[in-house]
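Colleague: sequence and predicted structure, then a few things I'm wondering about:
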Amino acid sequence: MCRKNVMIVEDEFIVAADLKTTLERRGYTVDHIINTGRGAVDYIREMKKPDCILMDVSLKDAYSGIEAAEEIHKEHQVPIIFLTANNTLPGLQAGLPSPLCSLVAKPFDENELIQAIETSLGPQKYGGYDE
């Protein structure tokens, strides 16, 4: 298995650092952590596309995680896993902007998070999606 690259979009430093440590320990590469929705959209447009994105639903800039995902999916079909402390997961699940999106509740269980990533990467054992 080649190491898959996961981008983290999270405005809380401690949560982002914990995610990075967890992912790297489980064999993923995290080459970029971004703390705003707008920053995530710009990074993907200008740089490289990650294999998967972990994105907080509530970010502290003008773009929510949902809005950033909608913008990203206009150009790239990359799986996005939303992380949310919101206790209305069923309502959020119904309003996800794309079939490539899924939800994991905070505080997250490490195994649940890894399973969500593996599932999002597609049917060919972590093979991911092609554009």
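Modeller: Here it is on my side, so go on.
Colleague: least confident secondary structure element in this protein?
Modeller: In the chain, no helix or strand scores lower on mean pLDDT, DSSP states H and E than helix 89-94, which sits at a mean of 55.
Colleague: please name the bridge partners of the spatially most central residue of the chain.
Modeller: Geometric centre of the chain, nearest residue: residue 54, 1.8 Å, by Cα atoms, centre = their mean. Listed beta-bridge partners, residue 54: residue 8, residue 81 (assigned using DSSP bridges).
Colleague: list the contacts for it?
Modeller: Residue 54 makes contacts with 6-10, 19, 80-81, 83, 113, 117, as judged by Cβ atoms under 8 Å, 6 or more residues apart in numbering. For the C-beta atoms, the positions are set from N, CA and C on the backbone; glycine is no exception.
Colleague: kindly recompute the last result at 7 Å.
Modeller: Residue 54 makes contact with 6, 8-9, 19, 81, 83 under the criterion Cβ atoms under 7 Å, 6 or more residues apart in numbering.
Colleague: so what does residue 108 look like in phi/psi?
Modeller: Note on residue 108: its backbone torsions stand at phi -90, psi 150 [degrees, to the nearest 10].
Colleague: number of nearby residues for it?
Modeller: The number of residues packed near residue 108 is 20, by other Cβ atoms under 10 Å.
Colleague: residues in contact with residue 80?
Modeller: Counting by Cβ under 7 Å, 6+ apart, residue 80 touches 53, 55, 69, 100-101.
Colleague: and the residues you listed, which two are furthest apart?
Modeller: Taking Cβ to Cβ, the two most distant members of the contacts of residue 80 are 55 and 100; they sit 11.9 Å apart.
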